[in-house]
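Peer 1: Please find the sequence and the predicted model below.
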Amino acid sequence: MTTGFERTRGGGAHAHFEDVEARMLASLAAQVVELVRDGAAQPGVVGADPDAGDPLAALVGMGADAPLARPDDPALARLLPDGYGGDESEATDAADFRRYTEPGLRELKATNAANLITSLLEAGADLSGLGGDQTDAPGTDAEPAGVDVELDADAVDGWLRCLTDIRLALGTRLGVEQDDDERWEQLPDDDPDKAMHDVYDWL
């Protein structure tokens, strides 16, 4: 089982992953890509004029010309939070801000996740048949060989951002709350949520 990243020269990092860990990371990263790219962000704010085009938006290549509503999916909303507080009076401002930031943020998160998968493949990870059940806890029945991943400074930044996204999405799906360790410790070992919480802790 990997014990974390080791710093290398120039701001890079090295990490060793068992085969099961590499496959699990790749599967989770692929789910992030699917999550942030699943369904185009839709305009949806009361009071928005759908016929009012925005020259700035057109200039930077943004497709939406109306404020964007907060995603309905709780995990996606956690990855793409509002730029303003939860005050109802700020809802329109938050949605308008989202129009300018969300498309690029979605693409950045998808790129980071795709690059993580590419790094594992380049390190020799066997990701064939990926997409099956990846809920085994890290280190369980792992092959002894594993893969060694070498990252430069830019790749380290992308990995850290992607791992944060994975952890946020997992935590939201599981309903993880602060100081609720006892709740998870009391779950039976065969509970699939306990296995995924072990993954959450590992990350």
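Peer 2: Done, it's in.
Peer 1: Was I right to think Gly171 contacts Tyr200?
Peer 2: Yes: here Gly171 lies in contact with Tyr200, judged by CB atoms under 8 Å, at a distance of 6.1 Å. Just so you know, the C-beta spots here come from the backbone N, C-alpha and C atoms, and that holds for glycine as well.
Peer 1: what about the strands in this structure?
Peer 2: When secondary structure is read from DSSP state E, the chain shows strands at 6-7, 13-17, 147-151.
Peer 1: CSV for the ones you listed, including mean neighbour count and distance to Thr164?
Peer 2: Compiled in CSV, the strands of the chain are given as follows (neighbours: other CB atoms under 10 Å; distance: least, CB to CB, whole Å):
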stretch, mean neighbour count, distance to Thr164
strand 6-7, 10, 18
strand 13-17, 18, 15
strand 147-151, 18, 15
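Peer 1: Save the ones you listed as CSV, and put in mean pLDDT and distance to Pro71 too.
Peer 2: Below are the strands of the chain laid out as CSV (pLDDT from 0 to 100; distance: least, CB to CB, whole Å):
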stretch, mean pLDDT, distance to Pro71
strand 6-7, 94, 36
strand 13-17, 95, 31
strand 147-151, 95, 30
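Peer 1: Those strands into JSON lines, with extra columns for distance to Thr92?
Peer 2: What follows is the strands of the chain, written out as JSON lines (distance: least, CB to CB, whole Å):
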{"stretch": "strand 6-7", "distance to Thr92": "45"}
{"stretch": "strand 13-17", "distance to Thr92": "42"}
{"stretch": "strand 147-151", "distance to Thr92": "41"}
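Peer 1: Have a look at Gly171 and Tyr200 and say which one is more surrounded.
Peer 2: Looking at Gly171 and Tyr200 with other CB atoms under 10 Å, you find the greater number of neighbours at Tyr200, namely 19 against 16.
Peer 1: Return the residues in contact with the nearest residue to the more buried one once chain neighbours are set aside.
Peer 2: Using CB to CB, 6 or more residues apart in numbering and skipping the chain neighbours, the partner closest in space to Tyr200 is Leu170 (4.7 Å). Taking CB atoms under 8 Å, 6 or more residues apart in numbering as the contact definition, Leu170 lies against 28, 176, 196, 199-200, 203.
Peer 1: Tell me where the model's unsure across the protein.
Peer 2: Low-confidence segments of the chain (pLDDT under 70): 1-3, 39-67, 84-91, 131-144.
Peer 1: Spatially central residue for it, please.
Peer 2: Compute the mean C-alpha point of the chain, and by CA atoms, centre = their mean the closest residue is Asp165, 3.0 Å away.
Peer 1: Now for the nearest residue to Leu121 once chain neighbours are set aside: which residues touch it?
Peer 2: With CB to CB, 6+ apart as the criterion, Leu121 has its nearest non-adjacent residue at 6.3 Å, and that residue is Leu127. Listed by CB under 8 Å, 6+ apart, the contact set of Leu127 reads 22-23, 26, 117, 120-121.
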